[in-house]
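>>> Model the following, please.
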Amino acid sequence: MSRPVMLTIRGEQRYHGQEPDVIELVTEGVLDSMPDGWRITYAESGLTGMAGTQTTFEMQPGSVVLARTGTVQSRMVFTEGVRHDSLYQLDVGALMVGVCAKKIHWEMTEDGGKLDVLYAVEIEQSLAGTVRYTIGVAPQPV
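Down below sits the predicted model:
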C-alpha cells in the first residue's frame, strides 16, 4: 500500500558549544507499507538546505533507517544503544559519521502515526552532539 500523506517534521540538532538548530516544516510525502514495517519518503527543500535530495525513513521492529539520495548521499541505521558508522556524502566532500540511537519510537498505521528518533552523532570519531527527528504523519486532505 502506498498513500500520499502530509508530514509535520521537526528536526533539532544540538552540537557542543552552539545554540540548538531547529527546523520545522510541513510537506507532502508518501507512506508505504513494508512486510514488517513502514516507509516514509519526501523531497527535501531549500528550507532544509538539501534541495534536490530525497529522504526516506524505514521503520521496522527495533530499528529505523534514514537514507538520503540526490545532492546528499547517506544511509544511517538506528538501533537503540548500538553504534553504526556511515559515510555522509556532500557535494563538497564526505565525512565518516557514527550514530548511536538513544531513543527510537514509532507508531504507524495506514492512517498515519508518529516517528521519534533521538541519536548521538560522532564526526570522524569525535562526539559532536545529538539530533532528534519527530515526524507526524497524517492522510492528505481531500
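>>> Quick one: the strands in this protein, in order.
For the chain, the strands defined by DSSP state E cover 2-15, 21-34, 37-43, 53-60, 63-70, 74-78, 83-90, 93-109, 112-123, 126-139.
>>> Would you mind extracting the C-alpha trace of the longest one into CSV?
Just to be clear, that refers to strand 93-109. Taking Å, rounded to 0.1, in the frame of the first residue of the first chain, the C-alpha atoms of strand 93-109 are listed here in CSV:
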residue,chain,number,x,y,z
GLY,A,93,33.2,16.0,0.2
ALA,A,94,32.5,13.1,2.5
LEU,A,95,32.5,12.6,6.3
MET,A,96,32.5,9.4,8.3
VAL,A,97,29.6,9.7,10.7
GLY,A,98,28.9,7.4,13.7
VAL,A,99,25.4,7.4,15.1
CYS,A,100,24.0,5.7,18.2
ALA,A,101,20.3,5.8,18.9
LYS,A,102,19.3,6.9,22.4
LYS,A,103,15.6,6.6,21.7
ILE,A,104,13.5,5.1,18.9
HIS,A,105,9.7,5.1,19.0
TRP,A,106,7.2,4.8,16.2
GLU,A,107,3.6,4.0,15.9
MET,A,108,2.2,3.8,12.3
THR,A,109,-1.0,2.6,10.6
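>>> residues of it that come out buried?
Using 16 or more other CB atoms under 10 Å as the burial criterion, the residues of strand 93-109 that qualify are 97-101, 104, 106, 108. Where C-beta positions appear, they are placed from N, C-alpha and C, glycine not excepted.
>>> Could you pull up the residues touching the residue positioned nearest the centre of the chain?
Residue closest to the average C-alpha location in the chain (CA atoms, centre = their mean): L66, at 4.8 Å. By CB atoms under 8 Å, 6 or more residues apart in numbering, L66 lies in contact with 55-57, 74-76, 78, 117, 133.
>>> Closest one to E19 out of the residues you listed, please.
When the contacts of L66 are ranked by distance to E19 (CB to CB), Y133 comes first, at 18.6 Å.
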